[in-house]
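Q: Show me how the following folds:
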Amino acid sequence: MRLSLFAGVVLTLSVPVAIAWLVGDLTDPVSLELAAQGVELDYGIDPVSFGPAADRVIGAGACVAVVVAFAVLLWASFAGRMRAAWWTVLVALAAAGVILGYGWRVWTAGGIGANIGAGIVTFFGGPLVIGMMVAALVSAVTLVRAARQERPAA
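A: You can find the predicted model right below:
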C-alpha cells in the first residue's frame, strides 16, 4: 500500500517534468534567429534552466521515474496490492501532468510579440486540467470511502 502510494506520487510529480523535457524548447526558428542577432525575445513565463547538463539529468531522471513508478504500480495492481480502480485516479493525474508539461513549454517559448499559443493552451488546457483534477479527487474520495466501509468494525 505504501509503495503504491509513493509510486503514485512519484508518477504524478514526474510526468509534467518528463513531458516538458521531452517536448523541449518550442521557440520558433525565426525567433531563434532573431535572438542570435541580439533581439530580445518576449516570454509568457521566463524559461527555467539549471544549465544544459543539469537540465538533461533532471529530464532523463524524470523519464526514468515515470517508467519505474508505472512499473511498480502495474506490479502492485497485478499482485493484488492495489485496487485496479485506483487507475482512474492515476490516469487522470498523469493526463493532467501531460497537459501541464506541454503547457509549460508553450508558455516558456520565446517569440516576438504576443504568444498566441499560451492563450490557447490556457483556454483549453486549463479547464481540462481542472476537470481531471476534480475527477481524480472525486474518484479518490469514493475509493477511500468504499475501502472504509469494507473494513470490519474493531
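Q: quick one: buried residues of stretch 107-123?
A: For stretch 107-123, burial by neighbour count (16 or more other Cβ atoms under 10 Å) applies to 107-111, 115, 117-118, 121. Quick note: C-beta positions are derived from backbone N, CA and C, even for glycine.
Q: From the opening residue of that stretch to its closing one, how far?
A: In stretch 107-123, first residue to last residue: 12 Å (Cα to Cα, to the nearest Å).
Q: what does stretch 102-111 give?
A: 17 Å.
Q: For the buried residues of stretch 107-123, give me JSON lines that also has secondary structure.
A: As requested, the buried residues of stretch 107-123 are exported to JSON lines (DSSP: H, G, I helix; E, B strand; the rest coil):
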{"residue": "Trp107", "secondary structure": "helix"}
{"residue": "Thr108", "secondary structure": "coil"}
{"residue": "Ala109", "secondary structure": "coil"}
{"residue": "Gly110", "secondary structure": "coil"}
{"residue": "Gly111", "secondary structure": "strand"}
{"residue": "Asn115", "secondary structure": "coil"}
{"residue": "Gly117", "secondary structure": "helix"}
{"residue": "Ala118", "secondary structure": "helix"}
{"residue": "Val121", "secondary structure": "helix"}
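Q: Done for today, thanks.
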